[in-house]
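Enquirer: when you get a sec, could you give me coordinates for this:
(4 chains)
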There are 2 protein chains.
Amino acid sequence: MPAGPGDHGPRLPTAARPAKSPDLVTISDVARHAGVAVSTVSYVLSGKRAISEVTRNRVLASIRMLGYHPNAGARALASRRANVVALVLPLRSGMQVPVVMQFAMAVVTTARTVEHDVLLVTSDEGPAGLRRIAASAMVDGLLLMDVEMHDSRVPLLRELGRPSVLIGFPADPTGLTCVDLDFHRAGAVCVEHLAGLGHRRIALLGAPAAVYDRGTGFAHRTRNGILDAAARLGVDTVVRPCEEGTAAVRRELVELFERWPDMSGLIVQNESAVGPVLATLPTLGRRVPEDVSVVGICPDQFAEQASPRLTSVPLPAEEVGQQAVSLLMRKVHGEPVPDATLLEPRLTIRDSTAAAPR
Amino acid sequence: MPAGPGDHGPRLPTAARPAKSPDLVTISDVARHAGVAVSTVSYVLSGKRAISEVTRNRVLASIRMLGYHPNAGARALASRRANVVALVLPLRSGMQVPVVMQFAMAVVTTARTVEHDVLLVTSDEGPAGLRRIAASAMVDGLLLMDVEMHDSRVPLLRELGRPSVLIGFPADPTGLTCVDLDFHRAGAVCVEHLAGLGHRRIALLGAPAAVYDRGTGFAHRTRNGILDAAARLGVDTVVRPCEEGTAAVRRELVELFERWPDMSGLIVQNESAVGPVLATLPTLGRRVPEDVSVVGICPDQFAEQASPRLTSVPLPAEEVGQQAVSLLMRKVHGEPVPDATLLEPRLTIRDSTAAAPR
DNA sequence: GCGGCAGGTCGAAGCGCTTCGACGACCGTC
DNA sequence: GACGGTCGTCGAAGCGCTTCGACCTGCCGC
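Expert: Model (predicted):
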């Protein structure tokens, strides 16, 4: 828009057809300029037929000269590919915000490397929204984030019959393609680390109870991983959901130590509890890591800026996003893909864990 | 995608043209089914010409029966409108994440109420990315978030000549449409509140120094608002940037009280400092709000879950998002819009402010 | 010398939609 | 009773692109 208030010249009322901007270069402008047929330009761009070196260069030069960019709508119409994927978020906001954002960014970036753009969709319109997106051929595939055990979008997805990938696992992932961190393994890795340091009583301070009740997959899977590993290694373990806020954290910790005064290992899977836990333990007379070792399952960012810096299993948002996009692309192209992709957790050892006391 | 691994029947190699799915209902299917011309269906949908009640109903019935959804690409091609807006984020991650997310959600939701979808774009491809989006006619307009004083996207935007709205103000907003909270006013409102309670020495604990150096608009504007109001009301004031982390916050506070032992009003514009400030003040022998009153300029979420609950000026993400979309739509339709839209700050009084001591 | 076969290029037929101009039918006028 | 207007509908012409089939070379082998 040219600067200044004179901006909106004489225009027809509201919904007038936008003027045919003269600056819109089309493929036939390029063809004319290069002295070739439209189809030749198209083949230069797509590489689907052999074009002589000399012609190709002439066409490419014209494209650059004229500043040509193919019209996405026309392309989608003719090729039956939109080169766009939908990123579907539940509107349940407040959840996991920074993580979601990281995913989204990774998805956008990765999609661009394969010539795709990302349409941001919230599922608050209900099924109709997804249906519309799918049926309007706006997108070639769907990426669902923040999937729950009994996610209402899942049956719809099956019915839609469009290529799709879920980030997270629903209760019944049959026939779906899902990617996520292997939370079961992640729980186990934490226990193994602590057990290896000699800790015999370990507690999990988990997500708020609502998260477990809602049947969120990652919470359950982590818990089970911890319980299984603990059983296997013969260490005692207890799981406690934990609400947000310093007060709630303190209450949980106090109760834990009443029950097990000799508890020395703590696994925290709750971003917003990390700070409070580390702040509260000293006030209960427990130093970290001398008396109590703490390991987090949380974004690296939180672990890094905690004090002491937290030993943790990070959520590899970047990697999950990349995997999800690349799986989706393969489905879009009709290639077979594995149903489940579980990313191996990696434990980063920092300053919050040490050998068990005594 | 039908369940199971037998999923991908006989298919041509990789980039085969997607099969013409028989389930894709087009406008001519609808026309045939309703016994009218294609154009009639189109007019029923767009309402751009009068259609008799009876015909309209017949068409609508057919649409519902067949589950018709217009093909977005075809529509965009013919009408020269994509019904999509671009939401452009800088990739500089880690910034303001929850706020950005709130904006994004508000934008998506609002856009849907006016029949638009949202394309998520990061500006990490550089100018080429925005240029491509604009030239490919994928979107009708652009929404830029997280705008800085000297934002590299701004000159590009002017050159592109597409309808656009910025969330935030660059140094030179000439010829651009910008929306934001009136941070100048917000700073003033905080000072007025504290001054009204009798506080005579007030400090601003601001964003990290890097934010000021980068020339981020909101930080400067808030500071100026505070300084102006302080001068006007005759209260003493000092501004201190503040890094993240409890340690940094503690250091700042200690220095502040060394300089002004009788400082009793604190304005905090730094989400991640809110918790630490409230936690640290008591350890310095200052109760909140009896000895020191604290007011935040931060998302409501942080203010609510602080203890004591924080008197604050929230960032009205929802409202900003709505305004931005509605301004953009007006520009898309060629209507004139104001250059600058400043949203009035609203102070929410909670438990962290009280009359000055003595 | 001719058939065959790549390698290059072109023209034209759509993709599914919107919109323009026409046209028939029906109204009220002078 | 002929004239102009609305109202409702239709047909056709694109929108800018991809892709199919055809059509030219040359060049190879026999």
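Enquirer: going forward, measure contacts and count neighbours with C-alpha atoms only.
Expert: OK.
Enquirer: how far is the helix or strand hosting residue A:195 from where the chain is centred?
Expert: Secondary structure assigned from DSSP states H and E places residue A:195 in helix A:183-196. Helix A:183-196 has its C-alpha centroid displaced from the chain centroid by 23 Å (CA atoms, centre = their mean, to the nearest Å).
Enquirer: cool, stretch A:58-70 as well?
Expert: Centroid displacement of stretch A:58-70 relative to its chain, using CA atoms, centre = their mean, is 36 Å.
Enquirer: say whether chain B is contacted by it.
Expert: Yes - legend: contact between stretch A:58-70 and chain B by CA under 8 Å from any CA of the partner chain is shown at A:68-70.
Enquirer: still on that earlier bit, and the helix or strand that the helix holding residue A:195 is followed by, what's buried?
Expert: Next helix or strand after helix A:183-196 toward the C-terminus (DSSP H and E): strand A:201-205. Within strand A:201-205, the residues that count as buried by 16 or more other CA atoms under 10 Å in any protein chain shown are A:201-205.
Enquirer: mind listing the helices for chain A?
Expert: Using DSSP state H, the helices of chain A run over residues A:27-34, A:38-46, A:53-66, A:72-79, A:97-113, A:127-135, A:153-160, A:183-196, A:209-213, A:217-233, A:246-259, A:271-283, A:300-305, A:317-332.
Enquirer: ok, now how distant is the closest residue to DNA strand C within the stretch 151-300 of chain A from residue A:171?
Expert: Using CA to the nearest atom of the strand, residue A:162 is the residue of the stretch 151-300 of chain A that sits closest to DNA strand C, at 16.0 Å. Applying CA to CA, to the nearest Å, the value for residue A:162 to residue A:171 is 20 Å.
Enquirer: ok, these two, which is more surrounded?
Expert: The residue with more neighbours, out of residue A:162 and residue A:171, is residue A:162; 18 against 14, by other CA atoms under 10 Å in any protein chain shown.
Enquirer: the helix holding residue A:195 to strand A:201-205, inter-axis angle?
Expert: Angle of helix A:183-196 versus strand A:201-205, following axes from the mean of the first three to the mean of the last three CA atoms, to 10 degrees, is 140 degrees.
Enquirer: tell me what angle helix A:183-196 forms with helix A:217-233.
Expert: 40 degrees.
Enquirer: ok, residue A:257 - contacts?
Expert: By CA atoms under 8 Å, 6 or more residues apart in numbering or on different chains, residue A:257 lies in contact with residue A:263.
Enquirer: cool, residue A:44 as well?
Expert: Here residue A:44 is in contact with A:51, A:56, A:59-60 (CA under 8 Å, 6+ apart).
Enquirer: near DNA strand C, which residues of chain A?
Expert: A:17, A:35-40, A:49-56, A:74, A:77-79 (CA under 7 Å from any atom of the strand).
Enquirer: rewinding a little: could you say which of the helices of chain A is packed most deeply?
Expert: helix A:183-196 (a mean of 23; mean count of other CA atoms under 10 Å in any protein chain shown).
Enquirer: what mean pLDDT would you report for that one?
Expert: The average pLDDT within helix A:183-196 is 97.
Enquirer: show me the contact partners of that helix.
Expert: Residues outside helix A:183-196 that contact it (CA under 8 Å, 6+ apart): A:202, A:218, A:221-226, A:228-230, A:233, A:235, A:265, A:267, A:293, A:295, A:297, A:313, A:344-347, A:353.
Enquirer: okay, now residue A:126: neighbour count?
Expert: Burial of residue A:126 is recorded as 12 neighbouring residues (other CA under 10 Å).
Enquirer: got the CA coordinates for the helix holding residue A:195 in CSV?
Expert: This file holds the C-alpha atoms of helix A:183-196, laid out as CSV (Å, rounded to 0.1, in the frame of the first residue of the first chain):
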residue,chain,number,x,y,z
PHE,A,183,7.1,-40.8,27.5
HIS,A,184,7.1,-44.3,28.9
ARG,A,185,10.8,-44.5,28.2
ALA,A,186,11.3,-40.9,29.5
GLY,A,187,9.8,-41.9,32.8
ALA,A,188,12.0,-45.0,32.9
VAL,A,189,15.1,-43.0,32.0
CYS,A,190,14.5,-40.7,35.0
VAL,A,191,14.1,-43.6,37.4
GLU,A,192,17.1,-45.3,36.0
HIS,A,193,19.2,-42.2,36.5
LEU,A,194,18.1,-41.7,40.1
ALA,A,195,18.3,-45.4,40.9
GLY,A,196,21.8,-45.4,39.5
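Enquirer: how close does the closest residue to residue A:221 other than its chain neighbours sit to residue B:204?
Expert: Distances taken as CA to CA, 6 or more residues apart in numbering or on different chains put residue A:184 closest to residue A:221, at 4.9 Å, once the chain neighbours are dropped. Using CA to CA, one gets 46 Å for the distance from residue A:184 to residue B:204.
Enquirer: now the residues of stretch A:58-70 next to chain B in CSV, with distance to residue A:152 and neighbour count?
Expert: Listed next are those as CSV, based on distance: CA to CA, whole Å; neighbours: other CA atoms under 10 Å in any protein chain shown:
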residue, distance to residue A:152, neighbour count
A:68, 43, 20
A:69, 39, 19
A:70, 37, 17
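Enquirer: any idea how far residue A:88 lies from DNA strand D?
Expert: From residue A:88 across to DNA strand D, the span is 27 Å (CA to the nearest atom of the strand, to the nearest Å).
Enquirer: so that residue touches residue A:124, yeah?
Expert: No - in this structure, residue A:88 is not within contact of residue A:124 by CA atoms under 8 Å, at 10.0 Å.
Enquirer: which one's more surrounded, the two?
Expert: Higher neighbour count among residue A:88 and residue A:124: residue A:88, with 23 against 15, using other CA under 10 Å.
Enquirer: how far away from the center of its chain is stretch A:248-259?
Expert: Distance of stretch A:248-259 from its chain centroid, counting by CA atoms, centre = their mean, is 33 Å.
Enquirer: likewise stretch A:312-322?
Expert: Distance, stretch centre to chain centre, for stretch A:312-322: 8 Å (CA atoms, centre = their mean).
Enquirer: Serialize the helices of chain A to JSON lines and add fields for distance to residue A:177.
Expert: Converted to JSON lines, these look like this (distance: least, CA to CA, whole Å):
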{"stretch": "helix A:27-34", "distance to residue A:177": "38"}
{"stretch": "helix A:38-46", "distance to residue A:177": "29"}
{"stretch": "helix A:53-66", "distance to residue A:177": "39"}
{"stretch": "helix A:72-79", "distance to residue A:177": "25"}
{"stretch": "helix A:97-113", "distance to residue A:177": "16"}
{"stretch": "helix A:127-135", "distance to residue A:177": "17"}
{"stretch": "helix A:153-160", "distance to residue A:177": "11"}
{"stretch": "helix A:183-196", "distance to residue A:177": "17"}
{"stretch": "helix A:209-213", "distance to residue A:177": "23"}
{"stretch": "helix A:217-233", "distance to residue A:177": "15"}
{"stretch": "helix A:246-259", "distance to residue A:177": "37"}
{"stretch": "helix A:271-283", "distance to residue A:177": "27"}
{"stretch": "helix A:300-305", "distance to residue A:177": "26"}
{"stretch": "helix A:317-332", "distance to residue A:177": "8"}
